[in-house]
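Visitor: coords below, sequence missing:
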């Protein structure tokens, strides 16, 4: 089962969703702001080597700015950063699409093509 962690008002999420649907990828949609991915999913994304902890943050988001994460992200431990992401779905870059073996974060057509066809 493929899971699409996104936000309905996010234009990037809408682009990614349209891309996947056009290619016949079926998925369960989850609102990332109310039900963020579990820590195990975020940790697995990091273990894949494709993304760093910094890549998981929505650096253009209001919450990122209000929490002054730009300053904190370099001093906090990975564990503390993951805990923060799990508690605040709006801090997470979206969408996250995963089937447990393959994962993409954000929308980049070349990456989506390589991972999802």
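Guide: All right, it came through fine. Here the structure is a predicted model, which means the values were calculated and not measured.
Visitor: quick one, phi psi at residue 108?
Guide: With angles defined as degrees, to the nearest 10, residue 108 sits at phi -130, psi 120.
Visitor: Now for it, how many residues are close by?
Guide: The number of residues packed near residue 108 is 13, by other CB atoms under 10 Å. Yep, even glycine has a C-beta here, placed from its N, CA and C like the rest.
Visitor: how close does it sit to residue 50?
Guide: Here residue 108 is placed at a distance of 11 Å from residue 50 (CB to CB, to the nearest Å).
Visitor: just residue 74 next, same as before
Guide: Distance from residue 74 to residue 50, by CB to CB: 21 Å.
Visitor: between those two, who's got more neighbours?
Guide: Remark: of residue 74 and residue 50, residue 50 carries more neighbours, 14 against 8, as counted by other CB under 10 Å.
Visitor: Am I right that that one is in a helix?
Guide: No - the assignment for residue 50, made by DSSP: H, G, I helix; E, B strand; the rest coil, is coil rather than a helix.
Visitor: is it fair to say residue 115 lies in a helix?
Guide: Yes - counting by three-state DSSP, residue 115 is part of a helix.
Visitor: residues contacting it?
Guide: By CB atoms under 8 Å, 6 or more residues apart in numbering, the contact list for residue 115 reads 102-104.
Visitor: The same query, at a cut-off of 7 Å, please.
Guide: 102, 104 (CB atoms under 7 Å, 6 or more residues apart in numbering).
Visitor: Also residue 61?
Guide: Residue 61 neighbours (CB under 7 Å, 6+ apart): 90-91.
Visitor: For the protein, just list every one of the strands.
Guide: 3-6, 28-31, 96-98, 103-105 (DSSP state E).
Visitor: Can you list the strands that the third one pairs with?
Guide: Within its sheet, and counting by DSSP bridges, strand 96-98 is paired with strand 3-6 (antiparallel), strand 103-105 (antiparallel).
Visitor: Just the residues contacting the last one, thanks.
Guide: Outside of strand 103-105, the residues that reach it under the criterion CB under 7 Å, 6+ apart are 45, 48, 51, 55-56, 93, 96-97, 111-112, 115-116.
Visitor: What of stretch 4-16?
Guide: In contact with stretch 4-16 (CB under 7 Å, 6+ apart) are residues 17, 27-33, 37, 94-97, 106-107, 112.
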